[in-house]
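**Student:** Pasted the sequence and its predicted model underneath.
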Amino acid sequence: MSTITEIRKQEADRRRRRLAELIRLHFSDKQSEFVARVDGNQGEISALLRDPKKSFGAVKARNLEEQAGLLKGSLDAEVGAPFFAYQLESTGKGSKSAGKAGVIGQSTDEALGRLANSLPQPTEEEFAFVPQLDVAAACGEGRFQDHVVVKGGLAFKRSSLRDFGVPEKAARIIYAAGGSMQPTIQDGCVVLINTADRSPLDGKVYLICKPDGGLVLKRLIRDYHPSVGGQAWIMRSDNPDKIAHPDKVLPPDDRTMIAGRAVWNDNRL
């Protein structure tokens, strides 16, 4: 079994390969053009690409994606996957150095348009656009509102959604926050949710609406729990640190609701 350290190294290596692919395909294989686009540091980008010991975590990847106008998770995909730019209109950042040529923000509409035109655009016949849940607004007052979304989302192949068993109208995405489900789900990773699948299955991961109005991703386990003196549905984190992430009983009433099942985050769950 891979250790957390090994998994993180694999993720960093994949991000390095994807960043190199992005620069090769869409920036004429010139680091300088990419550095100018993200208003970055040439030495840091070179280190990310060449030094296998250089940290390349989810936060750094998300920042680079946002600055480049790419969808979140683009650098976590496998090599060969297309780079989509559907959130360009809402994620372009202003330049930190107005004197730099070609930086997003100096001529935002023109720069974003050039990048959008340079990236593959999926067709409606092949792809479905899955909206992103506004996690802060989706759960409150004892009810889950799966129609509350934020601007943006991801393009998924319709064939993939069918393979996952997810109806298009029930498909939603969220971005994981925190480390409770590591190493299975890393902080900042995109997660596909089937909001039509709310019946618990032993060992599966669900998006759960808590009484305090928060949404969490937890694995549901059917097992004995001393607090109820019998079998119960238990919300379990994959993180092995059970002091920081203890098991909790899923209340058997409407104080806690299952909002949907997590089915994908780079790999089928």
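**Tutor:** Structure received.
**Student:** Give the residue farthest from the middle of the protein.
**Tutor:** Within the chain, the residue lying farthest from the chain centre (CA atoms, centre = their mean) is residue 229, at 37.6 Å.
**Student:** In terms of pLDDT, where does that one sit?
**Tutor:** If you check residue 229, the pLDDT there is 85.
**Student:** Kindly report the same for residue 267.
**Tutor:** 65.
**Student:** Where do the helices of the stretch 1-150 of the chain begin and end?
**Tutor:** Listed in chain order, the helices of the stretch 1-150 of the chain (DSSP state H, counting those that start in this stretch) span 4-26, 31-38, 42-50, 58-68, 88-91, 108-118, 135-138.
**Student:** With distance to residue 259 and mean neighbour count added, can I get the ones you listed in a markdown table?
**Tutor:** In short, each C-beta sits where N, CA and C put it, glycine included. What follows is these, written out as a markdown table (distance: least, CB to CB, whole Å; neighbours: other CB atoms under 10 Å):
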| stretch | distance to residue 259 | mean neighbour count |
| --- | --- | --- |
| helix 4-26 | 26 | 16 |
| helix 31-38 | 35 | 18 |
| helix 42-50 | 36 | 14 |
| helix 58-68 | 23 | 20 |
| helix 88-91 | 24 | 17 |
| helix 108-118 | 32 | 14 |
| helix 135-138 | 7 | 16 |
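**Student:** can you tell me which of the ones you listed comes nearest to residue 210?
**Tutor:** Closest of these to residue 210 is helix 135-138, at 11.7 Å (criterion: CB to CB).
**Student:** and the spatially closest residue to residue 33 that is not a sequence neighbour, what does it touch?
**Tutor:** Nearest residue to residue 33 in three dimensions, chain neighbours excluded: residue 27, at 4.3 Å (CB to CB, 6 or more residues apart in numbering). Counting by CB atoms under 8 Å, 6 or more residues apart in numbering, residue 27 touches 33, 34, 37.
**Student:** Where in the protein is the helix or strand with the lowest mean pLDDT?
**Tutor:** Sorted by mean pLDDT, DSSP states H and E, the helices and strands of the chain end with helix 88-91, the least confident at a mean of 35.
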